[in-house]
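K.L.:
no sequence for this one, just the structure:
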């Protein structure tokens, strides 16, 4: 049954790194199909917030639900089921350099419960076409440009048709022209109904592709939907 619940719902949560409170008493929702930027200076809590959402850091205080899962009380055995509903994209790609593009994607599919080789190959072709890569299946990561590698990473994140993509500085290592191409892919994915939460330092990208902004600052999260602010290049 289709649910209208937000894909991310945070109520009075605090985000910790070790024993330090990075973000305190934060509350916001991200609706299905919404595009949201996450900004803030280095060390302001962007990555810690993302890691809490995909359960790489424990939630100790407050309540968070992601894709229908209660993060506070989630059991270890349920984490893979949650992550199948998320697409996680890292700045440093995290591709296996000794495997082809297809083998990289197959590894993720097998780890998330796919078994049928024909269906897997069909889905791999589908997601690679979706990110504008038609003929890289047999290539090794080192044979691809940085922009192409990032597109493979996005394709990998799309394999299980996630409810939300969480991207941590996905254009941080790419030049502006390539970054714009990556953003357009995110927009296309978003237009097809997948929510996107993207941490970025790029003021230029936000100016060119405006959307709702969450800003980590002074241990809080400021929401442009509630209190519009001037986005400067201070971070």
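P.N.:
That came in fine, so what should we check first? In this text the structure is predicted, and so the values were computed from the model without any measurement.
K.L.:
can you map out the strands along this protein?
P.N.:
Along the chain, counting by DSSP state E, strands occupy 8-17, 20-30, 35-40, 61-66, 69-70, 86-89, 164-168, 195-199, 212-217, 220-223.
K.L.:
Contacts made by the third one with the rest, please.
P.N.:
The contact list for strand 35-40, computed with CB atoms under 8 Å, 6 or more residues apart in numbering, reads 30, 46, 49-50, 186-187, 190, 195-201, 206, 211-217, 231, 235. Every residue, glycine included, has its C-beta placed from N, CA and C.
K.L.:
Next, the angle from it to strand 164-168.
P.N.:
30 degrees (axes from the mean of the first three to the mean of the last three CA atoms, to 10 degrees).
K.L.:
For the residue lying closest to residue 92 once chain neighbours are set aside, grab the count of nearby residues.
P.N.:
Leaving out its chain neighbours, the residue that sits closest to residue 92 by CB to CB, 6 or more residues apart in numbering is residue 173, at 7.6 Å. Using other CB atoms under 10 Å, residue 173 has 15 other residues around it.
K.L.:
Kindly report the same for the one 4 residues further on.
P.N.:
Neighbourhood size, residue 177 [other CB under 10 Å]: 8.
K.L.:
so residue 208 makes contact with residue 179?
P.N.:
No. If you go by CB atoms under 8 Å, residue 208 and residue 179 don't touch, sitting 9.4 Å apart.
K.L.:
quick one, which of those two is more surrounded?
P.N.:
Using other CB under 10 Å as the criterion, residue 208 and residue 179 rank with residue 179 on top: 21 against 12.
K.L.:
follow-up on the earlier one: now the strands of the chain in JSON lines, please, with extra columns for mean pLDDT and mean neighbour count.
P.N.:
Converted to JSON lines, those look like this (pLDDT from 0 to 100; neighbours: other CB atoms under 10 Å):
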{"stretch": "strand 8-17", "mean pLDDT": "94", "mean neighbour count": "19"}
{"stretch": "strand 20-30", "mean pLDDT": "94", "mean neighbour count": "17"}
{"stretch": "strand 35-40", "mean pLDDT": "96", "mean neighbour count": "22"}
{"stretch": "strand 61-66", "mean pLDDT": "96", "mean neighbour count": "19"}
{"stretch": "strand 69-70", "mean pLDDT": "95", "mean neighbour count": "16"}
{"stretch": "strand 86-89", "mean pLDDT": "94", "mean neighbour count": "23"}
{"stretch": "strand 164-168", "mean pLDDT": "96", "mean neighbour count": "24"}
{"stretch": "strand 195-199", "mean pLDDT": "97", "mean neighbour count": "24"}
{"stretch": "strand 212-217", "mean pLDDT": "95", "mean neighbour count": "20"}
{"stretch": "strand 220-223", "mean pLDDT": "95", "mean neighbour count": "18"}
